[in-house]
Each structure stands twice: as structure tokens, then as C-alpha cells.
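Engineer: Fold the following and give me the result.
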Amino acid sequence: MLTQISNRHLVIYVNELIIPKVNQLREYQDPKGPITTNARHAEELLLSLVHDVKKIYKLVNLESVGEAFEKDIHAWIQRGLSTKPHFDHSLSAYRPPLNNERTFFIAPMQTPNGPTDKGYYFEAFLAVRDEPKFMEKIEEELPHPKNGCQSLKILSGTKGFMEGKCIVFFPENVSVSEAVTSQKFAIFFFNKFYKIYFKDTLKRASTFFKNYPFQSKAMTESQVYEARVLWGYLHDYFHHGGVKPFDQHIQAKMNFFAGILEEVKVDCQSVLLLHKNKYPFADQIIEFVLFERLLRYPSQIDATKNFDSGTGFFLLSWLFKNGTSIQKNNDFLSLDIKACLKDLEKLVHEIETLEQLNDDEYKAAAENYARTYLLDSENQDRFKIPDAYFIYDENLKLNINDLTFYELGNSQSLGV
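Structural biologist: You can find the predicted model right below:
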């Protein structure tokens, strides 16, 4: 049967027949998605893609998505390639994979925190879902009310996924005719995290927290993957709890500043529960959370416009003003984890107190609260770099190489 094709051959197929055509199409698009040059050749590429894309979808048991892709291509051509691409049929037909299943998707889409040329460019990915066995017990202890998250290992993909640090695929990333208002899946490529953490985050952390005894430094690639899956589950678990579950108060929490509080809050709650329940890799995941938020996220090129960067600027500024866990020590920082847990507990309480307000009042109160640390900017930025974030310039100047992930498709650990 075709569906018994090996991962290795599937990767080769995607790399040789899909990726080159997608890369060429990207060159003809503007950031909003329309084809602006070489329209005739773009149409030829799109039509030739249909056959190969449908074959890939058949190989991963998603034939209906292949049919939907064909509809989207013909509808776009008929409407005119100079118009915004609408891949509603593909998105509606797509279903996330079950554990150990392979999956594939192709469409114009955004890849958050991917390469610097951001927009609705054509992208594609091939991946396999891999949920660690130890998570079964944790999911029984903490049943997720609406678990729509999937942990995957990416095997192959286009620039937006294989260059830069995008580890997500959400429905709202896809270019469609009307804004997506609900999330039926949330796919995470957690096998990218090992390289991100060791080649970027830990270098920053070692620079600024010189005397900190990093436990995460000794982790293997498989351990990092499992730990990142656990963090992802807890993060989303807390999104769906409390007095204002995210999925029931989307309009309030999609606000830029309310969203910053939401992200910081659920990560703080994850850290506190990891410590309390002594889950596997608890100490290491706490390091993941703190150093990712405090150091890597604020290093984004578009930091003063970037949502994730805002969470890091906010958290460090808040800790300096309200806590005792992070202190300046000459030209570097010190971190007291025990004190940090107490600080984070206080921060969670303050945010949850704001959440007692109705949605409209909460949005206003959340922005006022966040603006205490993220001051308004006089230009097009969302906020100014806080004075408390005194390491900003040095953090930017660190010699961190651009990351690519093309080698993941050859990893023996993926069973390729």
C-alpha cells in the first residue's frame, strides 16, 4: 500500500517535488500573499503542484485535504492570482494527526518567529506526531478540558518552518477569506526546541547569569523534547482554566497587553505546579520558562512590536520592581529560584485579581497594569524598551548564529 511508504522516502519526495516549487512561488508573492510577478509561471507551478500535493496527502491518509487544496488553487486562479489567497477549503478539511501518525499541510500562511521576511508566503511541512508515554499519567491527573494541542517532530518543510524559530502551526496562521475565530488544533514542532535552547537561549543565560548552576545543560535531545512537551501541555492546560478561560474570553485576551498578562500568567502557573508536584524535568523546565521569557524572546529583531518579546520585558521589569529573586550583581545577574517561586505566586495572584472584572473592564485594566512596565511609544512601536531591561543592548549584540533545521529530516531518532 502507498501509505506504507517509509518516512525517509516521504521526506525525499517532499524535498524533491514540493519544496522547490514552493520556494519559487514564494519569490513571486508579496507579504500579503498575492502573486505580484511572473503570474504565468506561478500559475503553471500551482497547477503542477496539485498532482504531487494530492499524492502526499494520500500517503498520509488526508486525501480529502488534497481535494480541498485543488479547489483552493483553481478558485484562486479563477479569481486572479493578484488577489489575496484563500485556502479555506484546505483548512476546513485538515484534521490533526493521531499519535504516531504523519501529517502534511501546504498553504500560504504566516510562521510566527520564523525568518525575517514575514507574511502570508507559501509554506509546507511534513511531520510525525510523537506524544511521550509518561504524559499519559500526567494527563490523567490533570485532565485538559479541551486539549487541542499536538506535539510533533518536523521532518521536512519550507523556509518559514526550517529557518528561524517558528515551532507552531495554528488555524489562524493560514490565509483564508474570513478571520479564524476558533482553534480546532494547535500543532507544535517541539523537536526544534533542543537546538533553539542550546544554540541560543543557554548562551544568553550563561552570559547574564554567570554563577547559576544550570541543570538543563546536561539534558539529552530526547529529554529536551519530552520536557518541552510537558511544558506545552501545562501551558495550554492553564489557558483553559481559571475565571476567564482563554477559549471563552478570546476577544478580551487577544488584546495585545491582556495577552501578555495571559501568557506570563499561564507560564508562572506551570512553573509553580511543576515545582509543587515534582513532575519529571521540573527543575529543567523552570529554567526553560525563565530563560526563554527573560532573554531569548526580548532578543527578537522587532522586539518593541513583538508580543512574545513584550512578555519578557514585562516579566523582568515586574520582578525587579516587586520581587527579590533577580538581583543586579556588578555586570551580571543573580537568580534565586526559591525566591522566584514566591515572586511568581504573587504575580499570578495580581493578574487573577484583575480577571475578576468583566471582559471590557479587564481589557482596560490589563493594559493599564502592563503599561506600568511597558510604557507607551511615540512611534509605531507597541511600547518602549523598559529602563529596567538594562541588558537589552548587550543581549542583542551576543554572537548568536541564525538557526536552520533542515537536518531534522535525517534524524535517526525520527525513524526516518
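Engineer: ok, residues contacting the helix or strand of the chain with the lowest mean pLDDT?
Structural biologist: Lowest by mean pLDDT, DSSP states H and E among the helices and strands of the chain is helix 250-253, with a mean of 81. Helix 250-253 is touched from outside by 181, 244, 246, 258-259, 262, 359-360, 362-363, with contacts defined as Cβ atoms under 8 Å, 6 or more residues apart in numbering. C-beta here means a position set from N, CA and C on the backbone, and glycine is covered the same way.
Engineer: and if you look at stretch 363-372?
Structural biologist: With contacts defined as Cβ under 8 Å, 6+ apart, stretch 363-372 is touched by 252, 255, 257-258, 260-261, 310, 314, 350-351, 354, 357, 383.
Engineer: Generate a ChimeraX selection restricted to the buried subset of these.
Structural biologist: Applying 16 or more other Cβ atoms under 10 Å to the contacts of stretch 363-372 leaves a buried subset, and the ChimeraX line that selects it is:
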select :252,255,257,258,260,261,310,314,351,354,357,383
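Engineer: In the contacts of stretch 363-372, find the pair that's most separated.
Structural biologist: Spanning the widest gap among the contacts of stretch 363-372 are Leu357 and Phe383, at 22.2 Å by Cβ to Cβ.
Engineer: If we go by neighbour counts, what in the helix or strand hosting Tyr13 is buried?
Structural biologist: Element membership of Tyr13, judged by DSSP states H and E, is helix 7-13. Within helix 7-13, the residues that count as buried by 16+ other Cβ under 10 Å are 7, 10-11, 13.
Engineer: got it, and stretch 141-153?
Structural biologist: Of the residues in stretch 141-153, those with enough neighbours to count as buried (16+ other Cβ under 10 Å) are 144, 148-153.
Engineer: Closest one of the contacts of stretch 363-372 to Pro20?
Structural biologist: Checking the contacts of stretch 363-372 against Pro20 by Cβ to Cβ gives Gly310 as the nearest, at 37.2 Å.
Engineer: SS state for that closest one?
Structural biologist: With DSSP: H, G, I helix; E, B strand; the rest coil as the basis, the three-state label of Gly310 is helix.
Engineer: wait, doesn't it sit right on Leu374?
Structural biologist: Yes. Here Gly310 reaches Leu374: they are 6.1 Å apart, a contact under Cβ atoms under 8 Å.
Engineer: Find residues that contact each of those two.
Structural biologist: 257, 260, 382-383.
Engineer: from these, which ones fall inside helices?
Structural biologist: Among the shared contacts of Gly310 and Leu374, the members found in helices (DSSP state H) are 257, 260.
Engineer: how about a markdown table for the shared contacts of Gly310 and Leu374, with pLDDT and distance to Tyr194 added?
Structural biologist: Shown next, in a markdown table, are the shared contacts of Gly310 and Leu374 (pLDDT from 0 to 100; distance: Cβ to Cβ, whole Å):
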| residue | pLDDT | distance to Tyr194 |
| --- | --- | --- |
| Phe257 | 95 | 32 |
| Ile260 | 96 | 27 |
| Arg382 | 95 | 31 |
| Phe383 | 96 | 31 |
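Engineer: Among the shared contacts of Gly310 and Leu374, which one lies nearest to Asp236?
Structural biologist: Using Cβ to Cβ, Ile260 comes nearest to Asp236 of the shared contacts of Gly310 and Leu374, at 17.2 Å.
Engineer: quick one: contacts for that closest one?
Structural biologist: Neighbours of Ile260 in contact, by Cβ under 8 Å, 6+ apart: 307, 310-311, 314, 370, 374.
Engineer: how near is it to Tyr237?
Structural biologist: From Ile260 over to Tyr237 the distance is 19 Å, taken as Cβ to Cβ, to the nearest Å.
Engineer: for Ser82, same thing?
Structural biologist: For Ser82 relative to Tyr237 (Cβ to Cβ), the value is 44 Å.
Engineer: cool, and Tyr362?
Structural biologist: 21 Å.
Engineer: Would you map the helices across the stretch 1-150 of the chain?
Structural biologist: For the stretch 1-150 of the chain, applying DSSP state H, counting those that start in this stretch gives helices covering 7-13, 19-28, 39-59, 63-79, 88-93, 135-141.
Engineer: let me redo that: the stretch 251-400 of the chain
Structural biologist: Ranges of helices in the stretch 251-400 of the chain, per DSSP H, counting those that start in this stretch, are 256-277, 282-291, 307-322, 337-354, 359-371, 392-397.
Engineer: Residues contacting the fourth one, please?
Structural biologist: When you say that, I think you mean helix 337-354. Under the criterion Cβ under 8 Å, 6+ apart, residues 242-243, 261, 264-265, 268-269, 271-272, 275, 283, 286, 290, 318-319, 322-326, 362, 365-366, 369 lie in contact with helix 337-354.
Engineer: Kindly report the same for the shortest one.
Structural biologist: Contacts to helix 392-397, defined as Cβ under 8 Å, 6+ apart, come from residues 204, 207-208, 295, 298-299, 303, 385.
Engineer: so where is the chain shaky, pLDDT-wise?
Structural biologist: 1-3, 147, 411-416 (pLDDT under 70).
Engineer: Name all residues that make contact with the most centrally placed residue in the chain.
Structural biologist: Centroid check for the chain by Cα atoms, centre = their mean gives Val168 as the closest residue, at 4.0 Å. Taking Cβ under 8 Å, 6+ apart, we find Val168 in contact with 112, 186-189.
Engineer: Make a markdown table out of those residues and add distance to Leu126.
Structural biologist: A markdown table is the format used below for these (distance: Cβ to Cβ, whole Å):
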| residue | distance to Leu126 |
| --- | --- |
| Pro112 | 19 |
| Ala186 | 18 |
| Ile187 | 12 |
| Phe188 | 15 |
| Phe189 | 11 |
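Engineer: between the residues you listed, which is nearest Phe69?
Structural biologist: Using Cβ to Cβ, Ile187 is the member of those that lies nearest Phe69, at 17.5 Å.
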